[in-house]
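Colleague: how does the following fold in three dimensions:
(chains A and B)
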Amino acid sequence: MLEKTKTTLKYGLRHSLAAIMPCLLLATGLSGCATAPPKSDMADYQAYQQLNDPLEPTNRFFYRVNDGLDTYFMKPVAQGYVHVTTQGIRNHVGYFTSNIGEPARLLNFMAEGMPRAAGTSFMRFLINSTIGIGGIFDPASALGYKETDTDFGLTLAIWGMAPGPYLYLPLFGPSGARDVLNLPVEYFATPMEAAPASDALTNFSRAETGLNLINTRANFLAPIDQVKATALDPYATFRSLYRQSRASQIQQIYISDGRTPPPWTQSQQP
Amino acid sequence: MYLRRLILGAVAAAPVLVAMGGAAKADAISPDAAKDFINQSGQKLVNIVNSQTGSQKSEALRQLVNQIVAVDLVGDYVLGRYINVATPQQHQQFQTLFHQLLSYNITYQINAYQGVAFTVNGATQQGNDMVVDTTITTPGKAPADVGWAVDEIDGQPKIVDVIVAGTSLRITTRNDYASVITDNGGQVSALLGAMQKQIDKFSAAQ
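Modeller: Predicted structure coming up:
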């Protein structure tokens, strides 16, 4: 069993490296570094440093590649998916895929030192997996255990790591030098990886990933269309939205971990 | 020596202070006043969206936007540090183009909506603005939580920002426009050209 896991990992690693190598070579070959303005122009130079996107030409190239893939593949598939499903079905698919990500969020909350958020995440997974029939329903929210999103990138942020330069990854989209470290963690921290490996589980894992992608894309059809239609520079708009969204997620984590003092600590008024 | 520096500093700062005095003053607003304002504005918006169609709807929406949104103030915020780089004519042109573009951007999304319902949840102070939290429900779509930042401009409550999922519309627009300027060698004229092209694209589509 252990040998089979090792073989699967080695094959997976080799396969993904084979896919990534051409991209990395292309990136280096395209001389993808932006030129900073001269220090004599202090305002422009400071703005450039604050923007923190030294790989902008490469990022823009991958944005165009992704945009093409999205326009000619992901978006039509998502539109077809919306056509054959109702909002209710898409909500339940969302609950299901979100529940599969809950153990990873639990581990991240524990690593962040957020006990209340970790407890909420644990209860959510327990309640939704059992009463929620494998995560398809979300009774935990009705019981007061609201979902808060986190990932390893946010864990690193809470530990004090700076976001680093902006990266637009092929296929994965907006990311950063710090947030990209979430990708391998996210892959391994699912219930399917924790269980003993089998062909059925691997197939299920791939099917779930595909369904998650399509469902998420379907939920973002309108916002992404709006950005592409109304923004003067969609690349810069997505970059700004991504960074604001990450900052907001960190705030949400602190809010969700707010400690409420137990009643016996309240002072007794005579 | 310190007195000389103080006087020189005051003399240098005077034009800036005069410029700031000339601009519209944004004051704090009470939570209840902000909630009432958003409620009324939301009802007007919902009436237009649900009862009118086509070009009448777009025109009515444009008029409402000019009434309830502090477009000039938002425009200055969006231009950001390039307000010092732009000439007065460029600044004026930018404001004109921004007015048009803002209404086109809003009507682009809202034109598709029919049967919208609007609920005001609460109001909290965030920085200098009072943010009113609302939920917008559209049949066939998931309900959306939208925050409206309200300030009192020259005695009237006006919307200065829209916050969705933690992202601020005016910050996003500012980064967008700044990117257009920096990618064209720091020329504000490049931004004005891009805005005009966008407006032409919208008006051709209608």
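
Colleague: okay, helices next: where are they in chain B?
Modeller: All helices of chain B, identified by DSSP state H, fall at B:2-22, B:31-51, B:54-68, B:71-79, B:88-110, B:169-182, B:188-205.

Colleague: looking at those, which is nearest to chain A?
Modeller: For those, proximity to chain A was assessed by CB to the nearest CB; helix B:169-182 is nearest, at 3.3 Å. For the C-beta atoms, the positions are set from N, CA and C on the backbone; glycine is no exception.

Colleague: quick one: least confident helix or strand in chain B?
Modeller: Within chain B, no helix or strand scores below helix B:2-22, which has a mean of 53 by mean pLDDT, DSSP states H and E.

Colleague: OK, contacts around the closest residue to B:Gln187 other than its chain neighbours?
Modeller: Leaving aside its sequence neighbours, B:Gln187 sits nearest to B:Ile181 (CB to CB, 6 or more residues apart in numbering or on different chains; 6.7 Å). Residues counted as contacts of B:Ile181 (CB atoms under 8 Å, 6 or more residues apart in numbering or on different chains) are B:Tyr82, B:Gln187, B:Val188, B:Ala190, B:Leu191.

Colleague: ok, which pair from those is furthest apart?
Modeller: B:Tyr82 and B:Ala190 (10.7 Å; CB to CB).

Colleague: looking at these two, which has the bigger crowd around it?
Modeller: When B:Tyr82 and B:Ala190 are compared for neighbours, B:Tyr82 comes out ahead with 22 against 16, by other CB atoms under 10 Å in any protein chain shown.

Colleague: check contacts around that one.
Modeller: B:Tyr177, B:Ala178, B:Ile181, B:Val188, B:Leu191.

Colleague: which residues of chain B lie near chain A?
Modeller: B:81, B:104-105, B:108-109, B:140-142, B:165-168, B:171-172, B:175-180, B:182-183, B:186, B:191, B:194-195, B:198 (CB under 8 Å from any CB of the partner chain).

Colleague: only the buried residues of whichever helix or strand A:Gly210 is part of, if you could.
Modeller: Assigned by DSSP states H and E, A:Gly210 falls within helix A:199-219. Neighbour-count burial for helix A:199-219 flags A:Ser205, A:Glu208, A:Asn212, A:Ile214, A:Asn215, A:Arg217, A:Ala218, A:Asn219 (criterion: 16 or more other CB atoms under 10 Å in any protein chain shown).

Colleague: once you drop chain neighbours, what's closest to the residue in the stretch 101-250 of chain A that chain B sits nearest to?
Modeller: Residue of the stretch 101-250 of chain A nearest chain B, by CB to the nearest CB: A:Ser248 (2.3 Å). Residue nearest to A:Ser248 in three dimensions, not counting chain neighbours: B:Gly166, with 2.3 Å by CB to CB, 6+ apart.

Colleague: burial measure for that neighbour, as a count.
Modeller: 16.

Colleague: and the gap between it and A:Leu167?
Modeller: According to CB to CB, to the nearest Å, B:Gly166 stands 21 Å off from A:Leu167.

Colleague: could you export stretch B:135-146 as CSV, CA atoms only?
Modeller: Taking Å, rounded to 0.1, in the frame of the first residue of the first chain, the C-alpha atoms of stretch B:135-146 are listed here in CSV:
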residue,chain,number,x,y,z
THR,B,135,-28.6,42.3,0.6
ILE,B,136,-29.7,42.4,-3.0
THR,B,137,-31.8,39.4,-4.1
THR,B,138,-32.4,38.6,-7.8
PRO,B,139,-34.6,35.6,-8.8
GLY,B,140,-32.5,32.8,-10.1
LYS,B,141,-29.3,34.0,-8.5
ALA,B,142,-27.6,33.8,-5.1
PRO,B,143,-28.3,36.8,-2.9
ALA,B,144,-25.5,39.3,-2.9
ASP,B,145,-24.2,41.3,0.1
VAL,B,146,-23.3,44.8,-0.9
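
Colleague: most tightly packed of the helices of chain B?
Modeller: helix B:169-182 (a mean of 22; mean count of other CB atoms under 10 Å in any protein chain shown).

Colleague: let's test this: mean pLDDT of that helix, rounded?
Modeller: The average pLDDT for helix B:169-182 rounds to 95.

Colleague: could you do stretch A:259-270 as well?
Modeller: 71.

Colleague: now stretch A:106-114
Modeller: pLDDT averaged over stretch A:106-114 gives 95.

Colleague: ok, now which ones touch A:Met161?
Modeller: Contacts of A:Met161 by CB under 8 Å, 6+ apart are A:Arg178.

Colleague: could you pull up phi and psi at it?
Modeller: Backbone torsions for A:Met161, taken as degrees, to the nearest 10, come to phi -80, psi 130.

Colleague: how close does it sit to A:Ala117?
Modeller: Counting by CB to CB, the gap from A:Met161 to A:Ala117 is 19 Å.

Colleague: the helix holding A:Gly210 close to chain B?
Modeller: Yes: under the criterion of CB under 8 Å from any CB, chain B is reached by helix A:199-219 at A:Asn219.

Colleague: after that helix, next one along is what?
Modeller: Assigned by DSSP H and E, the successor of helix A:199-219 is helix A:221-230.

Colleague: packing partners for that next one?
Modeller: For helix A:221-230, the elements it packs on are helix A:75-84, helix A:234-256, helix B:88-110, judged by 3 or more CB pairs under 8 Å, 6 or more residues apart in numbering or on different chains; DSSP states H and E.

Colleague: mean pLDDT for those helices: which is lowest?
Modeller: helix B:88-110 (a mean of 88).

Colleague: can you tell me the closest non-neighbouring residue to A:Ser121?
Modeller: Per CB to CB, 6+ apart, closest to A:Ser121 is A:Leu106, 4.3 Å.

Colleague: so the helix or strand containing the one you found versus helix A:234-256, what angle?
Modeller: According to DSSP H and E, A:Leu106 maps onto helix A:102-112. Relative orientation of helix A:102-112 versus helix A:234-256 (axes from the mean of the first three to the mean of the last three CA atoms, to 10 degrees): 70 degrees.

Colleague: what lies in contact with helix A:102-112?
Modeller: Residues outside helix A:102-112 that contact it (CB under 8 Å, 6+ apart): A:115, A:117-118, A:121-122, A:124-125, A:128, A:135, A:148-152, A:154-155, A:158-159, A:185-186, A:189-191, A:194, A:253, A:257.

Colleague: next up, the contacts around A:Tyr145.
Modeller: A:Thr120, A:Met123, A:Arg124, A:Ile127.

Colleague: if you rank those residues by neighbours, which is first?
Modeller: A:Arg124 (26 neighbours).

Colleague: I'd guess that residue is in a helix, am I close?
Modeller: Yes: counting by DSSP: H, G, I helix; E, B strand; the rest coil, A:Arg124 is part of a helix.

Colleague: near chain B, which residues of chain A show up?
Modeller: Residues of chain A lying near chain B (CB under 8 Å from any CB): A:43-44, A:47-48, A:87, A:91, A:219, A:222, A:226, A:229-233, A:235-237, A:239-241, A:244-245, A:247-249, A:251-252.
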